[in-house]
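> Sequence first, predicted model second:
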Amino acid sequence: GAGVSQSPRYKVAKRGQDVALRCDPISGHVSLFWYQQALGQGPEFLTYFQNEAQLDKSGLPSDRFFAERPEGSVSTLKIQRTQQEDSAVYLCASSLISDEQFFGPGTRLTVL
Amino acid sequence: AQSVTQLGSHVSVSEGALVLLRCNYSSSVPPYLFWYVQYPNQGLQLLLKYTSAATLVKGINGFEAEFKKSETSFHLTKPSAHMSDAAEYFCAVRSIYNQGGKLIFGQGTELSVKP
């Protein structure tokens, strides 16, 4: 596809479960970003990769959140022992270096 | 630290009326500035961006924004609203020193367009 894709689009988890959210960036895009968007709020930065290197993870809210991009393409955001406050839309974006960020449709996570 | 403030979480206009969505930023140096639009259940789409070239920036769908350093503002305007403009709009900043860097978003403004 031509754009950023994310899967699943919707995820319901019971409190305490682990979840994994996938992002497929635009082919050739070096940079990849994860953002968290709570209901009624603007997106908030979580972490940033340049190729496979995680250059900034200052936005990850706790050590339950972990992201990887092992081959510099697909990225996975993992949340361990989910809590209700983790309920949000998780957005992935990719870009060429120092260029426009293209956003995926997001994964809506609901923790019961 | 950089921040963005969007004045008004909800704005309602009539079809054909002027659209004005307000954005003010806080930054020690003028940053790069962006406006994104988000339709329900979709990702964000870039409307326009300011990267220290012309202060009046034209974007897609008839939108434009003017960078005013003295007012630390980057308000979004459109002369005539269309029903299809109803969506959530986000203003964002990025440091000019951090080329690969994160965007910092405002809280968003929901635009409603009345027929």
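That came through, no problem.

> from here on, contacts and neighbour counts on C-alpha atoms
OK.

> what's the spacing between A:Arg15 and chain B?
A:Arg15 sits 24 Å away from chain B when distances are taken as C-alpha to the nearest C-alpha, to the nearest Å.

> What parts of chain B come near chain A?
Contacts of chain B with chain A, taken as C-alpha under 8 Å from any C-alpha of the partner chain, map to B:41-46, B:90, B:99-108.

> Filter the residues you listed down to the buried ones.
The neighbour count (16 or more other C-alpha atoms under 10 Å in any protein chain shown) marks B:43-46, B:90, B:100-108 as buried among those.

> Please narrow those residues to those residing in strands.
By the criterion of DSSP state E, membership of these in strands covers B:Leu44, B:Gln45, B:Leu46, B:Phe90, B:Ile104, B:Phe105.

> From those, pick the one nearest A:Thr76.
Taking C-alpha to C-alpha as the measure, B:Leu44 is the one of those closest to A:Thr76, at 19.7 Å.

> quick one, what contacts residue 41?
I'll assume chain A. B:Gln107, B:Gly108 (C-alpha atoms under 8 Å, 6 or more residues apart in numbering or on different chains).

> switch to chain B, that's the one I care about
Residues near B:Asn41 by C-alpha under 8 Å, 6+ apart: A:Pro105, A:Gly106.

> which residue is nearest the centroid of chain B?
For chain B, the residue nearest the mean C-alpha position is B:Trp35 (3.3 Å; C-alpha atoms, centre = their mean).

> What segments of the chain are strands?
Assuming you mean chain A. Here chain A has its strands, by DSSP E, at A:5-7, A:10-13, A:19-24, A:31-37, A:44-50, A:53-56, A:65-68, A:75-79, A:88-95, A:102-103, A:107-111.

> please go with chain B instead
Assigned by DSSP E, chain B shows strands spanning B:3-7, B:10-14, B:19-26, B:32-38, B:44-50, B:56-58, B:64-68, B:73-78, B:87-94, B:104-105, B:109-114.
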